[in-house]
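Undergrad: Below are the sequence and a predicted model; questions follow.
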Amino acid sequence: MIILGIDTSSDICSVGLSEGKDFLGEINIKLRRRHSERLLPIIKNLLSETGLGMQDIDGVAVTDGPGSFTGLRIGLSTVQAFKKALEIPAYSVSTLEYMAYSIAQYYENSILIPTIDARNKRVYTAVFEREKGSDELKRIEKDKAVEVKKLVNNIEKYHKRKIIFGSGTDQYFKILKEAELDNTKLIYKTRNFGGYNLATLGYKYIKQGKNTDYKNLTPTYLKKPQARINWEKKYLQGG
Amino acid sequence: MKDNIKILAIETSCDETAAAVSKNGLNILANVVSSQVDWHRKYGGVVPEIASRKHMEFINPVVEEALKEAGLQLKEIDAIAATYGPGLVGSLLVGLTYAKSLSLALNKPFIGVNHIAGHIYANFISKQDIETPVVCLTVSGGHTDLLYFKEYGEYEILGRTKDDAAGEAFDKIARYLGLGYPGGPIIEEKAKNGKEDAIDFPRPFLDKPNYDFSFSGLKTAVINYIHNKKQKGEKLNINNIAASFQKAVIDILTIKTTKAALNKGVNSVILSGGVAANNRFKEVLEEKLSEHDIPLYYPDHELCTDNAAMISTVAYYQYKKNDFAELDINADPNLKL
Ligand SMILES: [Zn+2]
């Protein structure tokens, strides 16, 4: 089963191909705001370099957030179109799960805490665990946006080795370092998690028969639009 | 060249998610529009972030509906087209990316279309034997352009707005009067019960020899008028304000368009864009042009607002000229004709 993985949630565009769990290829490039121009040519190049065509793809995996809304929409509308045109299953996965899954192979018996900078001393984060003797990644807490200080308080309860990483960790490294959490490893600058990892994560779910429907191939918004928040403040005060 | 070219077109430049299928450009097999206007009305205008969210939800169902209506499978389509500007960048990107991705997956050519050209070509769908050369006035919330068409595929810009678009002025005045959104139909409705000569609002640029427009001065004059009335504690006659403002816009557009038509010696005048849905405007312009025996054409009502049928028609003319886009084409929110 050949799976294409697409992550456009950050300024890095990651595209990868796997056959089952086997590596076929990946292209990860820092693009800043040029995903709209580069994503499809990159996919086309990767296919051509691996000797494959669009019709060889059996499924697509894509991140649905947190991340840049514009970037996510580019990845997700591409996947909606691929699902439609190629009549293949698609699977959308949290960016945080993709991050944790990508490094989980290196950290057995650990709590994995991916972070994405959400600005104003806040991060998007979640908690995962890779138990001793297991290859599986288990989700312990759902995705949320929290203040860095709250994140610190929240994870004190975990006594296993804690791995904190991602763009939120880079941005607030000092705060996290000064918190002096016990049994904790802060990884600085792990920004690229790789399209191949996303493809194999997609394989794991698609193999189980999972297939995200079109209406959920949309970004997961942890926040309402600003116009809606303002409107509610004005018209729905007290309820 | 192949016969019976079937083009699937997608349009998401503002707050309508639309898909259409045409055969040989003018034969519209399907035209599906999912309007988000109810989602935006309570905010008094289009909220870009909400528009992008809605496009993501509607894009696939709208495309599926268009294919169903056309009775075609995706693989029977010869080319995929999408609007790439002008418009809201977040909105444009959803339809453009979806369409480009279809084209890559299906290995069919991709055509990037200018939204404003779409509005103009809507005329050729509505009436299929318009005699060229023509002068075209294209007016909407985002643009006001006066064009000269020697033939269907070729045009020259005679003039355009130097500040606000005419449709933008309607929206802003309606919002200022607390009438809601979108402004065009609301003002037209209020104007029906008002006197057009009640208030003497300015008609900027009418003294200029060129074909350019300006609406921001008129908008400011209306807002100042309302402000002064309110300060003096006088009652506002909304209907009269709407009628007098609308008449000022109509006069500006009518005089400039008629002048262009006469100077260029055209056979017909065509209208496009949301303002072409204003009945009072069409009435006045038609009467003025009929004094010179020049017929006025405008698209059917459903083709005046944003739709993808018009995009598929432009795409067909581009297809015939091999005017295809590469996969790296980006959205251009400020795209000009
Ligand atoms: Zn339009």
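TA: Perfect, I can see it now.

Undergrad: Output the below-cut-off pLDDT ranges for chain B.
TA: B:1 (pLDDT under 70).

Undergrad: interface residues of it facing the ion?
TA: With Cβ under 5 Å from the ion as the criterion, chain B meets the ion at residues B:140, B:306. Yep, even glycine has a C-beta here, placed from its N, CA and C like the rest.

Undergrad: Quick check: longest helix in chain B by residues?
TA: Ranked by residue count under DSSP state H, the longest helix found in chain B is helix B:238-264.

Undergrad: Likewise for chain A?
TA: Under DSSP H, chain A gives helix A:69-86 as its longest helix.

Undergrad: Quick check: what element follows that helix along the chain?
TA: The first helix or strand that comes after helix A:69-86 along the chain, using DSSP states H and E, is strand A:90-93.

Undergrad: Quickly run through the sheet partners of that next one, with directions.
TA: According to DSSP bridges, strand A:90-93 forms sheet pairs with strand A:59-63 (parallel).

Undergrad: near chain A, which residues of the stretch 51-200 of chain B?
TA: Within the stretch 51-200 of chain B, the positions near chain A by Cβ under 8 Å from any Cβ of the partner chain are B:52-53, B:56-57, B:59-61, B:63-64, B:74, B:89-90, B:93-102, B:104-107.

Undergrad: go with 6 Å
TA: Within the stretch 51-200 of chain B, the positions adjacent to chain A are B:56, B:60, B:74, B:93-94, B:97-98, B:100-102, B:104-106 by Cβ under 6 Å from any Cβ of the partner chain.

Undergrad: Sitting in helices, which of those do you find?
TA: B:56, B:60, B:93-94, B:97-98, B:100-102, B:104-106.

Undergrad: could the residues you listed go into CSV alongside distance to A:K210 and neighbour count?
TA: Formatted as CSV, these follow (distance: Cβ to Cβ, whole Å; neighbours: other Cβ atoms under 10 Å in any protein chain shown):
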residue, distance to A:K210, neighbour count
B:M56, 20, 25
B:N60, 18, 21
B:L93, 27, 25
B:V94, 24, 31
B:T97, 24, 30
B:Y98, 22, 31
B:K100, 27, 28
B:S101, 21, 27
B:L102, 23, 25
B:L104, 24, 23
B:A105, 21, 24
B:L106, 25, 21
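
Undergrad: wait, what's in contact with A:D11?
TA: A:30, A:32 (Cβ atoms under 6 Å, 6 or more residues apart in numbering or on different chains).

Undergrad: cool, A:T184 as well?
TA: Counting by Cβ under 6 Å, 6+ apart, the residues that A:T184 touches are A:K162.

Undergrad: Surely B:A9 is within a strand?
TA: Yes - membership of B:A9 in a strand is supported by DSSP: H, G, I helix; E, B strand; the rest coil.

Undergrad: Look up the closest residue to it, ignoring the ones flanking it.
TA: Using Cβ to Cβ, 6 or more residues apart in numbering or on different chains and skipping the chain neighbours, the partner closest in space to B:A9 is B:S312 (3.6 Å).

Undergrad: element containing that neighbour, please.
TA: Per DSSP H and E: helix B:309-320 holds B:S312.
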